[in-house]
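Undergrad: below is the sequence, then the predicted model.
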Amino acid sequence: MLNVTKSFKKLVAEAEAQVKSLTPAEVEMKSKQNGVTLIDLRDIRELKRDGTIADSIHIPRGMLEFWVDPESPYYKSELNDTQEVILFCNGGWRSALAAASLKAMGVEGVSHMSGGFGQWKKEIGRIVPASSSK
């Protein structure tokens with residue numbers, strides 16, 4: 001067994017203390033603003049199974065830092081006009097950790113959706129098939 005000295009819950013709590021968390025209603029409002037990009041971090045299988053939020057961009061969690069950095073060979077030009085990103089995953093854990101990582105990279109306009117896609121489904125309910133996202 002691995003010797004884990006800090007639990008994932010502790011890591012997530014530390015990340016949430018560093019980054020801005022938004023409710024699904026706040027995300028819905030902000031996502032309509034120019035320069036705001038909503039990023040779905042979930043695995044492609046989750047998107048295919050459950051759908052996604054309209055106008056979000058899918059960036060797999062494992063590629064996020066590479067796809068957002070303009071100096072990376074993997075940079076995605078879809079982010080050229082982005083001034084603020086809102087990250088979401090299924091339950092808010094991955095997005096909190098990812099937001100902290102982007103903040104550590106110097107990204108100032110970053111937040112995540114607390115409760116993730118699951119909370120979005122409960123509170124907002126509007127979901128599109130994965131192929132309908134950006």
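TA: The structure has been received and is ready for your questions.
Undergrad: all the helices of the protein, residue numbers only.
TA: 8-18, 24-30, 44-50, 64-68, 93-104, 116-123 (DSSP state H).
Undergrad: Leu79 is nearest to which of these?
TA: Leu79 lies closest to helix 64-68 among these, at 6.1 Å (C-beta to C-beta). Every residue, glycine included, has its C-beta placed from N, CA and C.
Undergrad: which strands and helices sit next to that closest one?
TA: Packing partners of helix 64-68 (3 or more C-beta pairs under 8 Å, 6 or more residues apart in numbering; DSSP states H and E): helix 93-104.
Undergrad: roughly how far is the helix it packs on from the heart of the chain?
TA: Mean-position distance between helix 93-104 and its chain equals 8 Å (C-alpha atoms, centre = their mean, to the nearest Å).
Undergrad: tell me what that helix is packed against?
TA: helix 8-18, helix 64-68, strand 84-88, strand 110-113, helix 116-123.
Undergrad: any buried residues in that helix, and which?
TA: Buried residues in helix 93-104, counting neighbours by 16 or more other C-beta atoms under 10 Å, are found at 93-103.
Undergrad: over to stretch 48-67?
TA: Of all the residues in stretch 48-67, those buried under the rule 16+ other C-beta under 10 Å are 51-53, 56-59, 61, 64-65, 67.
Undergrad: now stretch 73-82
TA: Of the residues in stretch 73-82, 76, 79, 82 count as buried by neighbour count, 16+ other C-beta under 10 Å.
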